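**Q** got a sequence here, can you build the structure:
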Amino acid sequence: MYKDQGIGGFYRGLEVNIMRACVLNATQMGCYDITKGYVCELTGWERMDVKTRFCSAAVAGFFMTCTVSPFDRVRTALMNQPTDKKIYTGPLDCAGKLIAEGGVISLWRGFIPLWARFAPSTTIQLLTIEALYDMAGLKSI
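**A** The predicted structure is shown next:
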């Protein structure tokens, strides 16, 4: 890779990874917090109840997948380019070419496997952070 693209070749897709991380975390925490309120209203459960936290985390994982899938698709395409030629000049070019080739819906290709990965990891992550907050005596999310 270094021979064909220099040091920059090792950083292919970095911009998309940074954008993905921002979208992922904003969606995860925002949806989790908002969903906790809805779950409490609909079920009558307490905000601190583990059932509320579990359901809210599962919903957050779904919406996180919805918002992150396009970034994952573009990142994967950028990173899987052959080292001896550049198919895409950057994230916008890549997204444009993917849409031209497969339509807008193609940005969500791989949604189910991504959700299958995000749902449990998001649930475990958010339940763990809530438990740690409780142990430390900090205010819940």
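
**Q** make it CA atoms for all contacts and neighbour counts henceforth
**A** Noted.

**Q** all helices of the protein, in order?
**A** All helices of the chain, identified by DSSP state H, fall at 2-5, 14-43, 50-79, 91-102, 111-136.

**Q** distance of residue 119 from residue 103?
**A** 26 Å (C-alpha to C-alpha, to the nearest Å).

**Q** ok, the closest residue to residue 29 other than its chain neighbours - contacts?
**A** Nearest residue to residue 29, sequence neighbours excluded (C-alpha to C-alpha, 6 or more residues apart in numbering): residue 60, at 7.6 Å. Residues in contact with residue 60 (C-alpha atoms under 8 Å, 6 or more residues apart in numbering) are 27-29, 31-32, 35, 122.

**Q** TSV for these, including distance to residue 84 and pLDDT?
**A** Shown next, in TSV, are the contacts of residue 60 (distance: C-alpha to C-alpha, whole Å; pLDDT from 0 to 100):
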residue	distance to residue 84	pLDDT
27	36	95
28	37	95
29	40	93
31	42	95
32	43	95
35	47	96
122	37	93
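
**Q** mind putting those residues into CSV with neighbour count and distance to residue 54?
**A** Output for the contacts of residue 60, formatted as CSV (neighbours: other C-alpha atoms under 10 Å; distance: C-alpha to C-alpha, whole Å):
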residue, neighbour count, distance to residue 54
27, 21, 16
28, 24, 13
29, 18, 14
31, 20, 13
32, 26, 10
35, 20, 11
122, 23, 10
